[in-house]
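Asker: Model the structure of this input:
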Amino acid sequence: MKEWTAEGKKITLVEGNLVLLDVEAVVNAANKNLVLGGGVAGAIRKFGGPSIQEECDKIGPIAVGEAVLTGGGSLKAQYVIHAVGPVYGEGNEDEKLAKATLNSLRIAKEKRIKNIAFPAISTGIFMFPLKRCSEIMIKTAMEFLKDKENKNPKEIMFCLYGEEAYRVFQDTLAELSR
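Answerer: The predicted structure is shown next:
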């Protein structure tokens, strides 16, 4: 399964590079200081140009679980939502990841962003287990879309880097859709 719908809104899964997607907003798997280092953040810096980091420098640091909005620089996406996920082992990781996901979706709702693309937050250098990440992020997204009060986003995309990540998210989406 690579798509799920509720209340006229949908979750889709794609394999690829987040920064190349033609969506209104992409989510950066950020660190507390909002420094665009490696991984997803590094790709955002490389493809989006220096203006995104300049905006982040005026905002950060922020707490784990929080999310903030900047422009998209040279990306196809108009916005970047910087969500700070947990480092595995720091405590309350599941709750913090759910909060980072939910806070990103709340920003999209407030800004009336129609489509948003998430990476698998915290699964890179923060070493969060991929399966747990998929369960938390997809469940949070499903609950958000089921709420009739939430008109936006209309589409929540999970852009997974690599076949393994895509397969794990695909299996989780199928399990949670039953």
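Asker: okay, and the helix or strand of this structure with the least pLDDT?
Answerer: Ranked by mean pLDDT, DSSP states H and E, the helix or strand of the chain with the weakest confidence is strand 3-6, at a mean of 91.
Asker: how far out from the middle of the chain is it?
Answerer: Put simply, strand 3-6 sits 17 Å off its chain's centre (CA atoms, centre = their mean, to the nearest Å).
Asker: who's in contact with I116?
Answerer: Applying CB atoms under 8 Å, 6 or more residues apart in numbering, we find I116 in contact with 23-27, 81, 104-105, 108, 153, 155-157. The C-beta positions use only the backbone N, C-alpha and C, and glycine is treated the same way.
Asker: any idea whether it is helix, strand or coil?
Answerer: At I116 the chain is in strand, as set by DSSP: H, G, I helix; E, B strand; the rest coil.
Asker: follow-up on the earlier one: give me the buried subset of the contacts of I116.
Answerer: Buried members of the contacts of I116, counted by 16 or more other CB atoms under 10 Å: 23-27, 81, 104-105, 108, 153, 155-157.
Asker: circling back to that earlier point, I'd like the contacts of I116 laid out as JSON lines, including distance to G37.
Answerer: Output for the contacts of I116, formatted as JSON lines (distance: CB to CB, whole Å):
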{"residue": "V23", "distance to G37": "23"}
{"residue": "E24", "distance to G37": "25"}
{"residue": "A25", "distance to G37": "20"}
{"residue": "V26", "distance to G37": "16"}
{"residue": "V27", "distance to G37": "16"}
{"residue": "I81", "distance to G37": "17"}
{"residue": "S104", "distance to G37": "19"}
{"residue": "L105", "distance to G37": "24"}
{"residue": "A108", "distance to G37": "24"}
{"residue": "P153", "distance to G37": "27"}
{"residue": "E155", "distance to G37": "28"}
{"residue": "I156", "distance to G37": "25"}
{"residue": "M157", "distance to G37": "23"}
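Asker: which one of those residues sits closest to I44?
Answerer: Lowest distance from I44 to the contacts of I116 (CB to CB) belongs to V26, with 7.2 Å.
Asker: ok, what's across the strand from the closest one?
Answerer: Beta-bridge pairing of V26 under DSSP bridges involves V80, A117.
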